[in-house]
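Visitor: okay, here's the prediction I keep looking at, along with the sequence it came from:
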Amino acid sequence: MVAMERWSEAEVAAWLTRSGFGVYLDQFTEHEVDGSLLQLLDADALAELGLPLEKIPDFLQARDDEILSGQCESHSDGEGTEGHGADPYGSDEDCTGKSAAQEAAQAPAAAAAPVKPPRLN
């Protein structure tokens, strides 16, 4: 799978259709949105392209999921297994989308003896 930043305009168009956003294809084509630009679009830019405000969070989530799945697939293809899950933006998320801190916070706490609070006189 080609990383999103390398997608052509045609690949962006295919992703829009596949992801349920094909109705906005003309706007993306008119503005020559390729993969590198698609990754940079924020909510304001998407609104300027004509996406309704209520669709923007879904669009951003679908785009971010695609970016993450592309990174994970490249790892599973044997490309760059060192640093598995690292993204180019310096996040410490793994391919599940969870950071090491999130994983640690969700891990069950080890059973430890209760600590008595100090007595206040």
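Guide: Happy to help now that I have it.

Visitor: can we go C-alpha only for contacts and neighbour counts from here?
Guide: Noted.

Visitor: so for His84, what's the pLDDT?
Guide: His84 carries a pLDDT value of 40.

Visitor: can we start the residue count at 322 from this point?
Guide: Yes, from this point I'll number from 322; that puts the last item at His405.

Visitor: which stretches of the protein have low pLDDT?
Guide: 322, 394-442 (pLDDT under 70).

Visitor: show me the helices in it, by range?
Guide: Assigned by DSSP state H, the chain shows helices spanning 330-339, 346-351, 356-361, 364-370, 377-397, 421-427.

Visitor: how much space between the nearest residue to Val323 once chain neighbours are set aside and Glu330?
Guide: Spatial nearest neighbour of Val323, excluding adjacent residues (CA to CA, 6 or more residues apart in numbering): Gly391 at 7.4 Å. Look at Gly391 and Glu330: by CA to CA, to the nearest Å, they are 17 Å apart.

Visitor: what sits against Gly356?
Guide: Gly356 is in contact with Met325, Glu326, Arg327, Trp328, Ser329, Glu330, Glu332, Val333, counting by CA atoms under 8 Å, 6 or more residues apart in numbering.

Visitor: list buried residues within the residues you listed.
Guide: Listed as buried from these are Met325, Trp328, Glu330, Glu332, Val333; burial here means 16 or more other CA atoms under 10 Å.
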